[in-house]
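Participant: Give me the fold of what follows.
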Amino acid sequence: MAADLFISTNTADRESTEWLNETFHVGAKRGAADIHFFFENDQLVVKFGIGGRLSLYSSHEPGHFVKYVDDKIRARAQISSADRHSALDGRTYLNYPDRRLDLRLNILPSILGHKIVTRVVDSTSGVTSLDKIEMSPMVRREIDKVLRECSGLFLICGPTGSGKTTTLYAMLAKLHDGKTNIVTLEHPVEKIFPGITQVNISQHITYAAGLRAVLRQAPKVILVGEIRDVETAMIAIEAANTGHLVLASIHANNAAMVYSRLLDFGIDKQKIIDTVRAVISQRLVDRIDPNTTDIQWREASEVEGEWLDAAGVAWEDLKFPVAPPSDDYCGRIPLIEMIRTDSFVAEAIRNNEGEAGILNAANRQPQFETMAQAGIRLATEGKVRLEDAQAVDREVPACPQGKRLGQVLIEFGHASEKDVFNAVVEQGIMRDRGMVRRLGQLLVEKQLCSATDVIKCIGYTEGAPELLNYFVFTGVLAIPKVNQLVDIWRRERQGHSLFDMVLEQNYLTEEQLYESSILAFNGRRKSAHTIQRGSAANESGKFVSAA
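Facilitator: Residues are numbered from 1 along each chain as shown. Just a heads-up that it's a prediction; the model follows:
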């Protein structure tokens with residue numbers, strides 16, 4: 001492409017012009033999301049914003065050079081040089097032979113001068129593929145399943161800089177086969193995507209107006225940069241309900257809150273249930289340098305232990321990395337919390353159970369883990385620091401109620417975290433091949449646990465009432481009697497084993513209860529509604545899940 005850069009108008013400003021062109025080019029090559037120009041006491045300090053942190057690029061003493069830099073930036077973005085007392089915004093671009101940079105500028109007066117922050121969007125850099133975004137195999141499997149659907153709404157939430165656009169673009173790259181009509185509505189378009197129709201939202205085209213127009217363009221896939229108002233939400237729901245796959249971002253603090261956000265927009269519960277296929281909430285944390293060879297390991301402090309307890313993690317035997325600081329930027333890893341709108345989540349929505357109910361229902365799903373749990377898992381793998389993961393959700397993290405089978409097996413010492421994680425991954429692979437195995441079955445088949453240990457541990461989970469369905473189904477137990485016992489267990493004896501209560505009441509013998517063949521029945525949908533359901537909990541361990 002033809003160069004279109006800062007231009008020198010005389011010999012006096014040549015040095016500053018060349019320096020500006022070099023600075024933005026270097027910043028883009030280093031992956032700077034923004035470039036900060038501090039004009040204070042007539043000096044200039046320039047820092048690159050990379051990975052949420054500022055690193056010094058250069059500094060300059062007072063003189064004509066500093067003044068020319070300020071003037072050149074303002075002139076290029078058509079911002080007044082005379083106004084030194086107002087907060088000002090502007091936009092421009094730079095075309096280099098190898099890349100195009102779209103720049104969004106903000107100028108803010110300070111007590112010592114002013115500061116210019118330039119958001120850098122390298123629109124010609126390649127789109128990251130899903131394969132290059134680190135996520136658990138279970139999350140990746142569920143994302144692929146949603147993207148194979150013909151219609152529906154796939155939502156992602158997170159603050160600015162949490163990687164939402166990168167994830168959404170990676171999904172588009174997965175869908176882009178040259179045969180699918182894909183249209184995006186963005187504010188602004190952040191990367192040029194050949195073969196896809198991309199629309200910039202502006203004062204002339206709002207999200208709602210643009211979305212209405214797009215629907216007349218016969219799209220198959222639509223990306224909406226942000227659902228920020230009722231009108232856009234309504235149109236997106238209707239689009240997803242009429243044969244379009246809609247990907248969009250929305251403001252919410254966690255995945256469960258997205259459903260509440262849609263309800264706040266006044267969208268009918270049933271439409272949400274029928275339309276929303278999945279929700280992702282994500283944050284980014286700094287990656288530990290993978291080339292580091294001298295990582296030490298430590299136990300959690302008591303203060304960290306309180307946070308780990310709140311996150312629902314048994315931490316006493318866990319170790320966390322102590323990595324030496326690195327001046328090199330090693331990238332960031334997303335903490336992903338993903339919820340599928342399955343029958344249990346749908347029931348929580350219908351029953352007005354709120355975010356807590358949705359969270360509990362999602363806890364049954366194979367890919368689900370809270371962002372805090374995802375961060376803790378990555379820390380135990382030596383990929384991130386525990387303190388960085390904790391910084392994402394420093395307050396009491398949202399945590400589902402009820403225990404998972406894998407979690408209980410780990411707590412009782414019947415299985416390791418690694419055993420549970422690997423079994424869940426294998427469970428997903430087998431399901432893709434058309435085979436269904438429960439987590440307990442797999443662990444028993446691999447001789448990692450005994451059937452008795454698995455059944456005893458199920459007694460502490462929401463899988464316990466479902467397993468009792470076997471005895472209702474075979475006529476051994478009566479529904480009213482079991483429902484009464486389950487109700488007492490949920491109200492008064494959470495944290496205890498439902499099966500211990502069954503044995504105490506002499507409803508079953510140990511020989512009947514611990515018969516290994518009933519593991520294959522556990523959770524079968526044909527009788528899932530025989531016994532009343534409560535808050536859901538899946539089979540997986542602390543950091544992984546299994547349906």
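Participant: List phi and psi for Val502.
Facilitator: Dihedral pair for Val502: phi -60, psi -40, per degrees, to the nearest 10.
Participant: Hmm, I typed the wrong one, I wanted Val199.
Facilitator: Dihedral angles for Val199 - degrees, to the nearest 10 - are phi -120, psi 130.
Participant: do you know how far it is from Leu477?
Facilitator: Distance, Val199 to Leu477, using Cβ to Cβ, to the nearest Å: 60 Å. Using the backbone N, CA and C atoms, a C-beta is placed for each residue, glycine as well.
Participant: got it, and Cys150?
Facilitator: As judged by Cβ to Cβ, Cys150 and Leu477 stand 43 Å apart.
Participant: Those two: which is more packed in?
Facilitator: For the pair Cys150 and Leu477, the greater number of neighbours falls to Leu477 (21 against 8), based on other Cβ atoms under 10 Å.
Participant: Could you pull up the residues touching that one?
Facilitator: Listed by Cβ atoms under 8 Å, 6 or more residues apart in numbering, the contact partners of Leu477 are Leu468, Phe471, Tyr507, Leu508.
Participant: do the same with Phe38
Facilitator: Leu44, Val45, Val46, Lys47, Gly113, Lys115.
Participant: from the residues you listed, which two are the most distant?
Facilitator: Taking Cβ to Cβ as the measure, the contacts of Phe38 span a maximum distance of 15.0 Å, between Lys47 and Gly113.
Participant: who's more crowded, these two?
Facilitator: Lys47 (20 against 16).
Participant: what about this structure, any weak spots by pLDDT?
Facilitator: In the predicted model of the chain, residues 1-2, 325-329, 522-547 satisfy pLDDT under 70.
Participant: Spatially central residue in it, please.
Facilitator: Against the mean C-alpha coordinate of the chain, by Cα atoms, centre = their mean, the closest residue is Gln282 at 2.5 Å.
Participant: For whichever strand or helix holds that one, name the packing helices and strands.
Facilitator: Element membership of Gln282 [criterion: DSSP states H and E] is strand 276-286. If contacts are counted by 3 or more Cβ pairs under 8 Å, 6 or more residues apart in numbering; DSSP states H and E, strand 276-286 sits against helix 137-147, strand 152-157, helix 164-175, helix 255-264, strand 332-340, helix 371-380, helix 386-392.
Participant: would you turn these into CSV with distance to Asn106?
Facilitator: Putting the helices and strands packed on strand 276-286 into CSV (distance: least, Cβ to Cβ, whole Å) gives the following:
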stretch, distance to Asn106
helix 137-147, 34
strand 152-157, 24
helix 164-175, 19
helix 255-264, 28
strand 332-340, 24
helix 371-380, 29
helix 386-392, 25
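Participant: With distance to Val246 and mean neighbour count as added columns, please give those in a markdown table.
Facilitator: Listed next are the helices and strands packed on strand 276-286 as a markdown table, based on distance: least, Cβ to Cβ, whole Å; neighbours: other Cβ atoms under 10 Å:
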| stretch | distance to Val246 | mean neighbour count |
| --- | --- | --- |
| helix 137-147 | 11 | 19 |
| strand 152-157 | 5 | 24 |
| helix 164-175 | 11 | 20 |
| helix 255-264 | 13 | 21 |
| strand 332-340 | 16 | 25 |
| helix 371-380 | 24 | 26 |
| helix 386-392 | 27 | 19 |
